[in-house]
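Colleague: here is a sequence with its predicted model. Questions after.
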Amino acid sequence: MTTIQDIADKLGISKGTVSKALNGAPDISETLQKQILETAVELGYTKLRRYKNSAKRICILIQKDFIQYTEPHHFAYDIVIGFRQLAEPAGFEVEIVPVNAEPQRETSYEVFMLRNNFVCAFALGFSLNDPWMKDFQTSRTPVVLYDNQIRGNPSTAYVGVDNDEGMDLAIAHLKELGHKGIGYLSSALESHIMQIRYNAFFQALKRHGLEDDPVLAGCSFFLSECMDRHLPRLLDMGVTAVVCGQDTIASAALVQCQQLGYKIPQDLSIVGFDDLPICPYTSPPLTTIRQDRINIGKCGYYAAMSLMNGVFLGTVLLHAQLIVRNSSGSPVRK
């Protein structure tokens, strides 16, 4: 395992200078610190081996462009709470670090972790195009990803809900109600989880013997396009139910259908995914697939501890749960 002395020898400087740079001492120039950190990463140095005797700092990295976390009604709020409920009593200092693509381009993941004395990260809301997603493929500093998966690197783990199970529950529920034509609305398939849910939807249709033509799906970057283009198209095709990849899309579909003169659930059943806090208060209340976000956060901590202790688990998935409310019912139009 790489030591501080190895880094010093590589750069031809003293061990003390390297130690100061790794700990952010103010008397080390920014240029030299950058050189030392980059060399440390190149040689595979990590502070992980010292975490039991150090400040034990963990960060929750939140891609602030894609996920909200600061208020109780925000999606990631409970995930953060769940992680902290286990990490802080165990003696870890947890720092929440909001980022977007710009700082990721400026500093590599492992340099960032070394510079800030973090021993592990829990990453929320990252898209497939985020620069650090590429860094995660080879990083030695552990990272647990929510709803993202890195294959081939034992320093990474993936936690989330079983989306295949969730979609199967949704389709089974609608089929039992008598629905035969079921459509799907989703945001663009540029994230790992949206791709997983899209595929899970069609696999569930096939398992239940229902039509699984790709034209039954409408996906877009823009919520307005889903509502103004894809939803009317699905209605014109005669679908009697729509499953949505996110509750935000399902909530918008409820409103749009009502504005178009459709009654929910008599004319169209709508099922969401996530069970956001708003779901019981939509009109009508939204049937959805629940993610237990507190326990997802706790699983994030368990996975982090496993990685830090050399137990290289890959995927931890919680069971999904169907929450039936008033937005789903037996179809009136066949």
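Modeller: Noted; the coordinates are in hand.
Colleague: can you give me the strands in the stretch 51-200 of the chain?
Modeller: Along the stretch 51-200 of the chain, counting by DSSP state E, counting those that start in this stretch, strands occupy 57-63, 93-99, 118-124, 143-146, 156-161, 182-187.
Colleague: how about the helices of the stretch 151-300 of the chain, start to end?
Modeller: Assigned by DSSP state H, counting those that start in this stretch, the helices in the stretch 151-300 of the chain fall at 163-177, 192-207, 223-225, 231-236, 247-259, 293-308.
Colleague: give me the contact list for the fifth one.
Modeller: Applying C-beta atoms under 8 Å, 6 or more residues apart in numbering, the contact partners of helix 247-259 are 185-187, 223, 226-227, 231, 235, 242, 244, 264, 267-268, 270-276, 278-279, 282-284, 286, 288, 327. C-betas here are computed from N, CA, C, even on glycine.
Colleague: before we move on, the earlier item: for the helices of the stretch 151-300 of the chain, give me CSV that also has mean pLDDT and distance to residue 128.
Modeller: Shown next, in CSV, are these (pLDDT from 0 to 100; distance: least, C-beta to C-beta, whole Å):
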stretch, mean pLDDT, distance to residue 128
helix 163-177, 98, 16
helix 192-207, 96, 6
helix 223-225, 92, 20
helix 231-236, 96, 26
helix 247-259, 96, 19
helix 293-308, 96, 20
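Colleague: which of those sits closest to residue 108?
Modeller: helix 293-308 (18.9 Å; C-beta to C-beta).
Colleague: quick one, domains of the protein?
Modeller: Annotated domains of the chain cover 4-161+295-318, 163-290 [automatic domain parsing].
Colleague: of all these, which one is nearest residue 331?
Modeller: Residue 331 lies closest to domain 163-290 among the domains of the chain, at 3.8 Å (C-beta to C-beta).
Colleague: circling back to that earlier point, mean pLDDT lowest for which of the domains of the chain?
Modeller: Lowest mean pLDDT of the domains of the chain: domain 4-161+295-318, a mean of 89.
Colleague: sorry, back to before: PyMOL command for the buried members of the contacts of helix 247-259?
Modeller: A single PyMOL command selects the buried members of the contacts of helix 247-259 (16 or more other C-beta atoms under 10 Å):
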select buried, resi 185+186+187+223+226+227+231+235+242+244+264+267+268+270+271+272+273+274+275+276+279+282+284+286+288+327
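Colleague: inside strands: which ones of the contacts of helix 247-259?
Modeller: 185, 186, 187, 242, 244, 270, 271, 272, 273, 274, 288 (DSSP state E).
Colleague: can you put the helices of the stretch 151-300 of the chain in TSV and add distance to residue 136?
Modeller: Output for those, formatted as TSV (distance: least, C-beta to C-beta, whole Å):
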stretch	distance to residue 136
helix 163-177	20
helix 192-207	12
helix 223-225	29
helix 231-236	36
helix 247-259	27
helix 293-308	12
